[in-house]
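Undergrad: got a sequence here, can you model it:
(chains A and B)
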Amino acid sequence: MSQAQNRQALTDFNLKELRTNIERRQLISGAFAILGLIIILVATFILLGLIFQMMTQGIPRLTPQFFLSFPSRNPEEAGILSAWVGSALVMLVTAIAAIPLGVASGIYLEEYARKGWLADLIEINVTNLAGVPSIVYGLLALGLFVGKLNLGQSVLSAGLTLALLILPVVIVTTREALRAIPNILREAAYALGASKWQMISDHILPYSVGSILTGIIIGLSRAIGETAPVITIGALTFIAFLPDSPFKGDFPFISFEWLKAPFTVMPIQMFNWVSRPEPEFEINAAAAGTVLIFMTLSMNAIAIYLRYYFRKGIKW
Amino acid sequence: MVEPRSQLSEAQSPPESTFSDPAIAMNIPNPKAETSNLNFYYGGTAHAIKNVNFKIPENQVTALIGPSGCGKTTLLRCFNRMHDLYPGNRYEGEIWLDSVNILSHRVDPIEVRMRVSMVFQKPNPFPKTIYENVAYGLRVRGEKKRSIIDEKVEKALRGAALWEEAKDRLNDLAYNLSGGQQQRLCIARALSADPEIVLFDEPTSALDPIATASIEELMSELRKKVTILIVTHSMQQAARISDYTAFMYLGELMEFNETEVMFNRPSNKRTQDYLGGRIG
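TA: The predicted structure follows:
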């Protein structure tokens, strides 16, 4: 055999081996892609199936009367007025308490706190707090807000409880949002003689507001579905009146009486209806569930839009 | 190894230098700034700048050259106390800016940065409009009058040779500019509040040759009004644009002289090796 033929044979052999090797690796790649697709389809279909079943049961019940009626012994007349008003007011308190506390803590921890064992300890605690079962927050709130601080089994107590619950989420997302801003922008601001607070308030906070808002909304959409801690602090399951209106016709036009009012929220109303023996109430529960899911999804949609809106024109 | 000076004095004038190294020119006319036994430590241990003594002439371009990791950027960032932003860093010795020791504990780094501005390696405009980018240096000072800000923004943009290109799109986002324009915007931003010294940290390393040429041209224009200290990776750039050159090696200042003299008749062995391409 000539040398050229020899080399040719060797190359053919090597190429063959190379190709079988590549084929084998490509096969594994392809197998994982198919497996992943099947798993994600199963997960999605189960979820969609649940939502679909609930909606087919619940949507016919979604009449204006359903939104404008108090709960009733008669399933045909029962509605979710006190529940959605309660949920809205509780969320308002939660947002007012959790946003400033969470964002300020996140800014402090990320930008001001000196790195050291204390910062590490706080960091570990905050991260762990996000994983504490929500009923534990309920117990804490029962002792602290309802017992010690005497705030009563009220909208205020519930709002503060849920604020505690989502505080770690808001803190962590705020920190991550701030951390995502490149350091060269911080240095650019400092190099012009900005103080630390000017750097934060003029630059990194505006640049990260989209991500921070996303975190806040994801936190709030978790809070709106929470049942356990709200039951623990004593939300009512049957309530046939609304809290005092926050807006008044006469001076001083704004009233805070509603904070002290007893209340219920959407998930509790659902739970109450599901636990009734009459099958008609189950339809009411499905309808309320549809409303709740719609509320959560629309909050998430707002989060996505806000992130898109604030990221527009920003790139690094 | 020289005994580090732990006490930072804030006397009214720089001390007469007793330093006498033939490779380091000390007879600088009109020094704008002067370092005296400057040492710098990262995180308390890494000794990055070792006993540097030199004078920066006013309204001239002084280039810092040397191989990677020789401490030229570290030295540059001492001049606006950028190292104060990160914990554990420590200066020793003095940097005199006119009659103020800017390393003194009694001098706020903000005061230093308002007198000494900086242009970074990568263009880093804020994600704001062109106008707001330039105006920010004035806004941090609390300048509110629109007419004054307008006037200074125009002056700074003219100074950075960006006015003609930017005047009709002042409210456009800065990111819509090209890389070279963005860097000139950063120069305008650094000029807006009338600094005494502008530090350039390899300002053209992220730019193409045409943008680089326009920035180099700009610098020779700028030195009529302001003192420039520039770190550059390219010896050719230092030769093209600078009046004085400092060569650093392993944290030490090896040679400092007029660029003409240094590139033609380097007196230090290391400088000769570096300029001859034997170390790099």
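
Undergrad: every contact and neighbour count from this point should use C-alpha atoms.
TA: Noted.

Undergrad: is the nearest residue to A:V146 once chain neighbours are set aside part of a helix or strand, or is it coil?
TA: Counting by CA to CA, 6 or more residues apart in numbering or on different chains, A:V146 lies nearest to A:G152, which is 4.8 Å off, once chain neighbours are set aside. Here A:G152 is recorded as coil under DSSP: H, G, I helix; E, B strand; the rest coil.

Undergrad: with A:Y137 instead?
TA: helix.

Undergrad: against chain B, how distant is A:F70?
TA: According to CA to the nearest CA, to the nearest Å, A:F70 and chain B sit 51 Å apart.

Undergrad: that residue and A:G79 touch, don't they?
TA: Yes. Contact between A:F70 and A:G79 holds when scored by CA atoms under 8 Å: they sit 5.1 Å apart.

Undergrad: more neighbours: which of those two?
TA: Per other CA atoms under 10 Å in any protein chain shown, whichever of A:F70 and A:G79 has more neighbours is A:G79, with 26 against 19.

Undergrad: is the more buried one in a helix, a strand, or coil?
TA: coil.

Undergrad: that one reaches A:T63, doesn't it?
TA: No. Counting by CA under 8 Å, A:G79 does not reach A:T63; the two are 9.4 Å apart.

Undergrad: now do the same for the closest residue to chain B within chain A: helix, strand or coil?
TA: Nearest residue of chain A to chain B: A:G193, at 4.9 Å (CA to the nearest CA). Of the three states, A:G193 takes coil according to three-state DSSP.

Undergrad: secondary structure element holding A:I99?
TA: Applying DSSP states H and E as the criterion places A:I99 in helix A:81-107.

Undergrad: list the buried residues for that helix?
TA: When burial is assessed from 16 or more other CA atoms under 10 Å in any protein chain shown, helix A:81-107 yields the following buried residues: A:81-87, A:89-95, A:97-99, A:101-107.

Undergrad: so what's the residue count around the residue nearest to A:V146?
TA: Based on other CA under 10 Å, the number of other residues close to A:G152 is 20.

Undergrad: give the contact list for it.
TA: A:G152 is in contact with A:145-146, A:260, counting by CA atoms under 8 Å, 6 or more residues apart in numbering or on different chains.

Undergrad: cool, B:A161 as well?
TA: By CA under 8 Å, 6+ apart, the neighbours of B:A161 are B:184, B:218.

Undergrad: circling back: who wins for neighbours among the contacts of A:G152?
TA: Comparing the contacts of A:G152 on neighbour count, A:F145 comes out first with 22 neighbours (neighbours: other CA under 10 Å).

Undergrad: so it lies in a strand, does it not?
TA: No. A:F145 sits outside any strand when classified using three-state DSSP, being helix.

Undergrad: may I ask you to name the longest helix in chain A?
TA: helix A:3-58 (DSSP state H).

Undergrad: which other helices and strands contact that one?
TA: helix A:279-311 (3 or more CA pairs under 8 Å, 6 or more residues apart in numbering or on different chains; DSSP states H and E).

Undergrad: and the helix it packs on with helix A:3-58, angle?
TA: With axes from the mean of the first three to the mean of the last three CA atoms, to 10 degrees defining the directions, helix A:279-311 sits at 130 degrees from helix A:3-58.

Undergrad: anything in helix A:279-311 near chain B?
TA: No. Helix A:279-311 is not in contact with chain B by CA under 8 Å from any CA of the partner chain; minimum separation 10.1 Å.

Undergrad: give the buried residues for that helix.
TA: Result for helix A:279-311 [16+ other CA under 10 Å]: buried residues A:281-293, A:296, A:299-300, A:302-304, A:306-307, A:310.

Undergrad: do the same with stretch A:48-67
TA: A:51, A:54-55, A:57-59, A:61-62, A:66-67.

Undergrad: next: stretch A:174-184.
TA: A:174-178, A:181, A:184.

Undergrad: nearest residue to residue 242 other than its sequence neighbours?
TA: In the absence of a named chain, chain A is used. A:S82 (5.9 Å).

Undergrad: think we crossed wires, I meant chain B
TA: B:S242 sits nearest to B:V61 (CA to CA, 6+ apart), 4.8 Å away.

Undergrad: please apply the same query to B:E154.
TA: Once flanking residues are discounted, B:E154 sits nearest to B:W163: 6.8 Å by CA to CA, 6+ apart.

Undergrad: for B:K145, see how far away the one you found is.
TA: Counting by CA to CA, to the nearest Å, the gap from B:W163 to B:K145 is 21 Å.

Undergrad: how many neighbours does the closest residue to A:P71 other than its chain neighbours have?
TA: Spatial nearest neighbour of A:P71, excluding adjacent residues (CA to CA, 6+ apart): A:A78 at 4.4 Å. Applying other CA under 10 Å, we find 19 residues neighbouring A:A78.

Undergrad: quick one: name the residues of chain B near chain A.
TA: Near chain A, when you scan chain B using CA under 8 Å from any CA, you find B:80, B:82, B:110-114, B:117-118, B:120, B:124-127, B:136-137, B:140, B:173, B:175, B:190.

Undergrad: now, those residues that are in strands?
TA: Secondary structure assignment by DSSP state E places B:117-118 of the residues of chain B next to chain A in strands.

Undergrad: the residues of chain B next to chain A, buried ones only, as a PyMOL selection?
TA: The PyMOL command for the buried members of the residues of chain B next to chain A (criterion: 16+ other CA under 10 Å) is given here:
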select buried, chain B and resi 80+82+110+112+113+114+117+118+120+124+125+126+127+136+137+140+173+175+190
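
Undergrad: how is chain A divided into domains?
TA: A:3-59, A:62-311 (automatic domain parsing).

Undergrad: rank the ones you listed by pLDDT, which is bottom?
TA: Of all these, the segment with the smallest mean pLDDT is domain A:62-311, scoring a mean of 84.

Undergrad: now B:E92: which helix or strand?
TA: Applying DSSP H and E, one finds B:E92 within strand B:90-97.

Undergrad: okay, and the residue nearest the centre of chain A sits in which element?
TA: The structure's chain A has its C-alpha centroid closest to A:I218; by CA atoms, centre = their mean the separation is 2.5 Å. Using DSSP H and E, A:I218 maps to helix A:205-223.

Undergrad: what sits up against that helix?
TA: A:91, A:94-95, A:99, A:103, A:162-163, A:165-167, A:169-170, A:173-174, A:177-178, A:181, A:296, A:299-300, A:303-304, A:306-311, A:314, B:127.

Undergrad: beyond that helix, next helix or strand please.
TA: Next along from helix A:205-223, by DSSP H and E: helix A:228-232.
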